[in-house]
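Colleague: Sequence first, predicted model second:
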2 protein chains.
Amino acid sequence: MDIGERQKLILALVIRDYIENAQPIGSKTLVDRYGLTISSATVRNEMAALTEAGFLRQPHTSAGREPTEEGYRYFVRQLMGQTDLAPQTKRMITHQFYQAGHDVEHWMRLAASILAHQSQGASLVTAPHPEEARFKHIELISTLGRQVLMVLVLTGGEIRQQMLALAEPVSQEVLSTTAARLNQTCQGLSAAAIVSLAGQMEALEQDVLNLIVEEMELSVAVLGGEVYRDGLSNVLAEPEFAEVELARRALKVFEERTFLQDLLTRTILTTNVGGVQVLIGGEGTWEELRECSIVLGRYGVPGLATGTLGVLGPIRMSYGHTISTVRFVADLLSDLVVDINLG
Amino acid sequence: MDIGERQKLILALVIRDYIENAQPIGSKTLVDRYGLTISSATVRNEMAALTEAGFLRQPHTSAGREPTEEGYRYFVRQLMGQTDLAPQTKRMITHQFYQAGHDVEHWMRLAASILAHQSQGASLVTAPHPEEARFKHIELISTLGRQVLMVLVLTGGEIRQQMLALAEPVSQEVLSTTAARLNQTCQGLSAAAIVSLAGQMEALEQDVLNLIVEEMELSVAVLGGEVYRDGLSNVLAEPEFAEVELARRALKVFEERTFLQDLLTRTILTTNVGGVQVLIGGEGTWEELRECSIVLGRYGVPGLATGTLGVLGPIRMSYGHTISTVRFVADLLSDLVVDINLG
DNA sequence: CCTTAGCACTCTCATCTTGAGAGTGCTAAT
DNA sequence: ATTAGCACTCTCAAGATGAGAGTGCTAAGG
């Protein structure tokens, strides 16, 4: 699918204009608006070729041209080139993270907020979780009664808490010694290894062990933890969602865990940490996202803990800026994961 | 503001019809549709009186009547009567909670999901947090390096985690003994009491103490913890939000923490646990919510830990069902808080 | 052979007109 | 007090119309 230099220029201009104005543009307007030194008739010919090639489209016989999904893909892959955030923007973002302290929850919210704000789209961030969970520390805390609170810390810094109902009340002392014993026994073990320890323990320890394994397995699930979202209302401001039904479907996708699960598992696997993937117009797979594009990134330390972050916007989004932002925030979050694990 | 019996009947019918059809209704249609034994002319007269009284309104000279905000308020307070969920619905909801185990995060998500689904609106649930935080337990866990993870458990079952950066590395053993000492010293104390302990400790303990106090104070803030949302896309399906700009503003309200903070602090204080409050059309205070109503409830155990839950929908929402649902789910969550604390 | 001026043609969109339908308020009769 | 009857008002959907934007094609020029 090779096209000439002049056609590339025209395609880029059409896309750039469409991203800004959300309206098809014709040959004459294009020449006038961007001061081209060729005539509109020439542009018309080139546009006809680009339409033939599947990069442009006419909504109706006598409107201008607008980019097709294929056109956007070509643009993002071949024409756009690497962009980077303005140093000033980077400083501002870094500063905000610096002020946020060391609370993971806080970082997640901040990341979602920054992504949403910078891209004027809806953002999504998943908490970092280990690709393979390993035991680090457990704590058992008695509440009033037979309920025990288990706090489980995994390598990668993830914390999971769960209630455990005992058959009969147990003192905090017994709980503490049990926890201490388990901390020693299970240190650094994987879920599978812990399972193999079963059978050689008394009832209380056995119960706790089962719960530990359960939580460790949940933790490895792609969408086990919390999902942080922001800027959902941004997408409603875009003119392509003037039709509410379209907006509703796009939002619904972002809201439902089952859908996100699907989306993330299918794309995450092919994305490396630090890499960014762009899904344009649902890529033929997701009907509900036909009017949307998604920029997904991954952060963290492979083998230790990773998370996903992304932005959803109209197809007509500003890819350069969004991709740079996702990449930059992903790098910052990766640093966080390193901090938690290595000080 | 007293109105006759027949007027009450007509007002109730208009509201009931408007909730169902989202369209103004005229005298003749009302008589036909509900098989009234009085003539349309009589209904016209009564409607004129209700309009005079401020309960009904005509969008334009020759449309039917629709309820005003004042009309809804009168309806909710005087006309509606107590409603309750169908036993079958209750069983279904209880069953779902029963299956969800004992994980607070899970309960919150489930509550939001059920509220959204039952009311066909957007729901919101805040995690339970103490009205006055008291120290219960602390745990210090060394990560690789000088970073220490502090896990703080408060009365009411709330757990807060925070990173602490030390000047120099400290072994897990030292951390454990420090934690043990603090657990003894601070047991059951309030933030204020812990502050007064300062000054008589070594550097490490002092650092941890400061962090504890900070977290305890955050915990008492109305919106300290996570906010769980669901069903945002539901409101977009309502015909009153065909105008996207309206929908966008309503969603934005639900999204921004600052706004929620405001909303909750102003209304929570006047709501008892188990009580339900209804805000209709922004109540003159919230311009962005002019097209919306909010049903807010509170759950938990006063003095121990409480949380808020609510539903946002169009003014034209089914108040009876929504209120019953909020009340029922609030009761279930209250049981959860009791469970956590009393086993 | 590539480029471009000129032109006839097409299609949308905003604006206007028009008539049916729904609803109202008033008056007079029951 | 209630209601039938009626003249009147206003909205809304369905055509009608014309300006504007854009296209493709042809033929002329470098």
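Modeller: Yep, that arrived.

Colleague: burial measure for the spatially closest residue to residue A:327 that is not a sequence neighbour, as a count.
Modeller: Closest residue to residue A:327 apart from its sequence neighbours, by Cβ to Cβ, 6 or more residues apart in numbering or on different chains: residue A:276 at 5.4 Å. Heads up, the C-betas are built off the backbone N, CA and C, glycines and all. Residue A:276: 19 surrounding residues under other Cβ atoms under 10 Å in any protein chain shown.

Colleague: now the one 3 residues further on
Modeller: Residues contacting residue A:279 under the criterion other Cβ under 10 Å number 19.

Colleague: just to revisit the earlier point, show the contacting residues for the residue nearest to residue A:327.
Modeller: Counting by Cβ atoms under 8 Å, 6 or more residues apart in numbering or on different chains, residue A:276 makes contact with A:295, A:296, A:297, A:323, A:326, A:327, A:330.

Colleague: Could you do residue A:142 as well?
Modeller: By Cβ under 8 Å, 6+ apart, residue A:142 lies in contact with A:148, A:149, A:170, A:171, A:172, A:175.

Colleague: got a winner among the residues you listed for most neighbours?
Modeller: Top of these by neighbour number is residue A:148, holding 24 neighbours under the definition other Cβ under 10 Å.

Colleague: Would you mind confirming that that one is in contact with residue A:161?
Modeller: No: Residue A:148 lies out of contact with residue A:161 (Cβ atoms under 8 Å); the separation is 11.1 Å.

Colleague: Distance of the residue in chain A that DNA strand D sits nearest to relative to residue A:64?
Modeller: Proximity of chain A to DNA strand D (Cβ to the nearest atom of the strand) peaks at residue A:26, 2.6 Å away. As judged by Cβ to Cβ, to the nearest Å, residue A:26 and residue A:64 stand 4 Å apart.

Colleague: most residues in a single helix of chain A, which one?
Modeller: helix A:319-342 (DSSP state H).

Colleague: so what does that one touch, helix or strand wise?
Modeller: Packed against helix A:319-342 by the contact rule (3 or more Cβ pairs under 8 Å, 6 or more residues apart in numbering or on different chains; DSSP states H and E) you find helix A:87-99, helix A:104-119, strand A:276-280, strand A:292-301, strand A:305-314, strand B:147-154.

Colleague: need the contact list for the residue nearest the centre of chain A.
Modeller: Most central in chain A under Cα atoms, centre = their mean is residue A:309, positioned 2.3 Å from the mean C-alpha point. Counting by Cβ under 8 Å, 6+ apart, residue A:309 makes contact with A:111-112, A:115, A:123-126, A:296-299, A:326, A:329-330, A:333.

Colleague: What is the most widely separated pair among those residues?
Modeller: By the measure Cβ to Cβ, A:112 and A:298 form the most distant pair in the contacts of residue A:309, at 15.4 Å.

Colleague: higher neighbour count, these two?
Modeller: Taking other Cβ under 10 Å, residue A:112 and residue A:298 do not tie; residue A:298 has more neighbours (25 against 22).

Colleague: beta partners of the more buried one?
Modeller: With DSSP bridges as the criterion, residue A:298 is bridged to residue A:308.

Colleague: check contacts around it.
Modeller: A:268, A:271, A:272, A:273, A:274, A:275, A:306, A:307, A:308, A:309, A:330.

Colleague: Quick one: distance of the longest helix of chain A to the chain centre.
Modeller: With Cα atoms, centre = their mean, to the nearest Å as the basis, helix A:319-342 stands 11 Å off its chain's centre.

Colleague: Show me what the mean pLDDT comes to for that helix.
Modeller: The average pLDDT for helix A:319-342 rounds to 90.

Colleague: What of stretch A:99-111?
Modeller: For stretch A:99-111, mean pLDDT rounds to 86.

Colleague: just to revisit the earlier point, now the residue nearest to residue A:327: how far from DNA strand C?
Modeller: Distance from residue A:276 to DNA strand C, counting by Cβ to the nearest atom of the strand, to the nearest Å: 35 Å.

Colleague: Which pLDDT value goes with that residue?
Modeller: The model reports residue A:276 with a pLDDT of 92.

Colleague: how about the residues of chain A near DNA strand D?
Modeller: Within chain A, the positions adjacent to DNA strand D are A:24-29, A:40-41, A:44, A:47-48, A:51, A:58, A:61-65 by Cβ under 7 Å from any atom of the strand.

Colleague: Among those residues, name the ones in helices.
Modeller: Using DSSP H, the residues of chain A next to DNA strand D in helices are A:27, A:28, A:29, A:40, A:41, A:44, A:47, A:48, A:51.
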